[in-house]
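*Asks:* show me how the following folds:
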Amino acid sequence: MALTEYPTDFPSPNPLQPAVSITNREPRQTASGAAHSLHGREKAASKDRRMIRKESSEGIGYSVVELNDVRHVMAAAVPRSAGSFDEQAHDALKTIEAVAQEEGTQGSIVKQAVFLKDIGQLDTCRKIMKDFYGKELPATAYIAQAPCEGKEIAIEAMGVGRGKGDVQILRCSEKVVVTRHNDISFVHCAPVFPETSATGVYDRSLNAFHCMANALKRHGYHFNQIIRTWLYLGDIVGPERDTQRYIELNRARSDLYQNYRFAEGRTPPEVNGTVYPASTGIGSDGRGILMSCIALETSRDDVKLVPLENPVQTSAFDYGKEYGRKSPKFARAMAVTNGHCATIFVSGTASITGSETQFIEDIEGQTGQTLDNIAALIGEDNFRRHGTPGIGATLDDLALVRVYIKRQEDFEKTRAVCQQRLGELPIIYAVGDVCRPDLLVEIEGMAFSQQGQNCNGQK
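*Replies:* Have a look, this model is predicted:
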């Protein structure tokens, strides 16, 4: 089944459910006999300099972040077995289950990205996820990208749980899941597909954005509260009329975004000009369009949004006409800050300095340059440039990473560079075409910064 033939919504969305509260939930021991008890797995030594604890082996495992009095857990699960799709899916889910039990986040996985080698397994996969999670189904994007390890499926999951503060989880529907803590709401919305008979990328992209806005609006949230998007486009560098498919997606995004003001009133005074969400625009199998997003709502004056641009790169929204009729409208990263702590959503990043691709046909060089770009983006000096001194991160402060690789044959070289530079942390490697023909790899992630003691969740 082609991506464009996906159902546009889940059947019978759940009615608004009462919020589930999690208060100082104690972690349980991993169930005996679980296929992936992480207690039995070699665990990487984590850096205690900051709030991140990493428990992973060869990219499979999880990170725990204690931030704003709340425990955040991020996991990457790739099946160890090589059985049927059903066996591999349950194998990966047992890793998620073991993580949740060990870290006190059972019942509180809120966001999930499922990477599929064969998109024809979509219906089977959705049923497995529904049966596994029941009423606690996360907002889940099913992505037509093959895991690089050669398996049928890989899962990236995010959960919230035990900490000093209270957490509420509101499962509004099978597309929208909200977490609330310390008067801050994070709204996870996935999956979003076009709901139109139009065939062109421009019209279908514009329609998908409207579907995203409507999904948020149904539950009392607004499109201009979005801080992070993911845009998956089949045949991303393929032709579309007299131009390229990705260029047409950017034209649709530009035309829509001119009607919204993102992060209004929440940026530092030093941030001038129009603000855009962080984003990843990446290729997928087939010819379809899939989107997802995170939005933020809060009444707290001390919570700020810092759209980060990279000192070594031209801002994407300032690209010249040679890169498209309308430039890509996204920030290189979006940081949610209060006091001296920050959650940093790093956009899809590639081997570009200025606006030019570097290390043509050199996968190791491109991977290294991409990581250099991320380091410059999230560093203390760059936060200071954006009017937010006292905050900053390094590559060691990445808690979760996705690596999109254009060519499967480049996987081992890419992974070797990532392991050398990043150490052990949960990483999803997937085969995904990048938005320029000469780019071989794209990397995104989440980083966290905590400096000093002024980093609690209270006003």
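
*Asks:* pLDDT weak spots in this structure?
*Replies:* For the chain, applying pLDDT under 70 flags the ranges 1-50, 162-165, 321-324, 452-459.

*Asks:* please redo it, this time with the cut-off set to 50
*Replies:* For the chain, the stretches with pLDDT under 50 are 1-18, 22-49, 458-459.

*Asks:* helices of that one, start to end?
*Replies:* For the chain, the helices defined by DSSP state H cover 85-103, 122-133, 201-217, 245-257, 363-378, 380-385, 411-422.

*Asks:* now tabulate the ones you listed in CSV and tack on mean neighbour count and distance to residue 344.
*Replies:* Just so you know, the C-beta spots here come from the backbone N, C-alpha and C atoms, and that holds for glycine as well. Output for the helices of the chain, formatted as CSV (neighbours: other C-beta atoms under 10 Å; distance: least, C-beta to C-beta, whole Å):
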stretch, mean neighbour count, distance to residue 344
helix 85-103, 22, 21
helix 122-133, 16, 28
helix 201-217, 21, 23
helix 245-257, 22, 22
helix 363-378, 22, 5
helix 380-385, 17, 9
helix 411-422, 17, 15
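
*Asks:* separation between residue 153 and residue 141?
*Replies:* 13 Å (C-beta to C-beta, to the nearest Å).

*Asks:* overlap in contacts of these two?
*Replies:* Shared contacts of residue 153 and residue 141, defined by C-beta atoms under 8 Å, 6 or more residues apart in numbering, are found at residue 114.

*Asks:* who has more neighbours out of those two?
*Replies:* In this view residue 153 and residue 141 are compared by other C-beta atoms under 10 Å, and residue 153 has more residues nearby, 26 against 23.

*Asks:* before we move on, the earlier item: tabulate the helices of the chain (CSV), appending distance to residue 190.
*Replies:* Below are the helices of the chain laid out as CSV (distance: least, C-beta to C-beta, whole Å):
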stretch, distance to residue 190
helix 85-103, 16
helix 122-133, 12
helix 201-217, 9
helix 245-257, 18
helix 363-378, 24
helix 380-385, 29
helix 411-422, 25
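
*Asks:* residue 58: which of the ones you listed is closest?
*Replies:* helix 411-422 (8.3 Å; C-beta to C-beta).

*Asks:* show me what the residue nearest to residue 109 when sequence neighbours are not counted bridges to in the sheet.
*Replies:* Of all residues not flanking residue 109 in the chain, residue 159 sits nearest, at 4.3 Å (C-beta to C-beta, 6 or more residues apart in numbering). On the basis of DSSP bridges, residue 159 is bridged to residue 73, residue 109.

*Asks:* who's in contact with residue 159?
*Replies:* 72-75, 99-100, 103, 105, 108-110.

*Asks:* 10 Å - rerun?
*Replies:* Counting by C-beta atoms under 10 Å, 6 or more residues apart in numbering, residue 159 touches 22, 62, 71-75, 96, 99-100, 103-112, 138, 167, 169, 179.

*Asks:* please apply the same query to residue 137.
*Replies:* Going by C-beta under 10 Å, 6+ apart, residue 137 touches 10, 14, 109-110, 112, 126, 129-131, 171, 173-174, 177.

*Asks:* tell me the one of those nearest residue 244?
*Replies:* Among the contacts of residue 137, residue 112 lies closest to residue 244 (C-beta to C-beta), at 30.5 Å.

*Asks:* report the separation between residue 255 and residue 334.
*Replies:* With C-beta to C-beta as the criterion, residue 255 and residue 334 are 21 Å apart.

*Asks:* actually residue 412, not the one I typed
*Replies:* Distance from residue 412 to residue 334, by C-beta to C-beta: 32 Å.

*Asks:* now swap in residue 222 and tell me
*Replies:* 16 Å.

*Asks:* same question for residue 296.
*Replies:* 9 Å.

*Asks:* and these two? Which one has more around it.
*Replies:* In terms of neighbours (other C-beta under 10 Å), residue 334 is the more surrounded of residue 296 and residue 334; the figures are 27 against 20.

*Asks:* from residue 299, how far out is the spatially closest residue to the more buried one that is not a sequence neighbour?
*Replies:* Leaving aside its chain neighbours, residue 334 sits nearest to residue 278 (3.9 Å; criterion: C-beta to C-beta, 6+ apart). Separation of residue 278 from residue 299 (C-beta to C-beta): 23 Å.

*Asks:* show me which of these two is the more surrounded one.
*Replies:* Set side by side, residue 278 and residue 299 show more neighbours around residue 278, with 24 against 9, by other C-beta under 10 Å.

*Asks:* how about the contacts made by the more buried one?
*Replies:* Counted by C-beta under 10 Å, 6+ apart, residue 278 has contacts 226-230, 294, 307-308, 330-335, 344-348, 444.

*Asks:* before we move on, what about residue 208?
*Replies:* Taking C-beta under 10 Å, 6+ apart, one finds 8, 191-196, 231, 249, 252, 288-291 in contact with residue 208.

*Asks:* export these as JSON lines, with columns for distance to residue 390.
*Replies:* JSON lines is the format used below for these (distance: C-beta to C-beta, whole Å):
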{"residue": "8", "distance to residue 390": "45"}
{"residue": "191", "distance to residue 390": "38"}
{"residue": "192", "distance to residue 390": "36"}
{"residue": "193", "distance to residue 390": "42"}
{"residue": "194", "distance to residue 390": "43"}
{"residue": "195", "distance to residue 390": "45"}
{"residue": "196", "distance to residue 390": "47"}
{"residue": "231", "distance to residue 390": "33"}
{"residue": "249", "distance to residue 390": "37"}
{"residue": "252", "distance to residue 390": "38"}
{"residue": "288", "distance to residue 390": "44"}
{"residue": "289", "distance to residue 390": "40"}
{"residue": "290", "distance to residue 390": "38"}
{"residue": "291", "distance to residue 390": "34"}
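
*Asks:* out of those residues, which are buried?
*Replies:* Neighbour-count burial within the contacts of residue 208 applies to 191-194, 231, 249, 252, 288-291; the criterion is 16 or more other C-beta atoms under 10 Å.

*Asks:* tell me which two of the residues you listed sit farthest apart.
*Replies:* The span of the buried ones among the contacts of residue 208, defined through C-beta to C-beta, is set by 191 and 252 at 18.0 Å.

*Asks:* which ones are touching residue 309?
*Replies:* Applying C-beta under 10 Å, 6+ apart, the residues contacting residue 309 are 271, 273, 315-318, 331-333, 377, 382, 385-386.

*Asks:* sort out for me which of the residues you listed are in strands.
*Replies:* Counted as lying in strands by DSSP state E, out of these, are residue 333.
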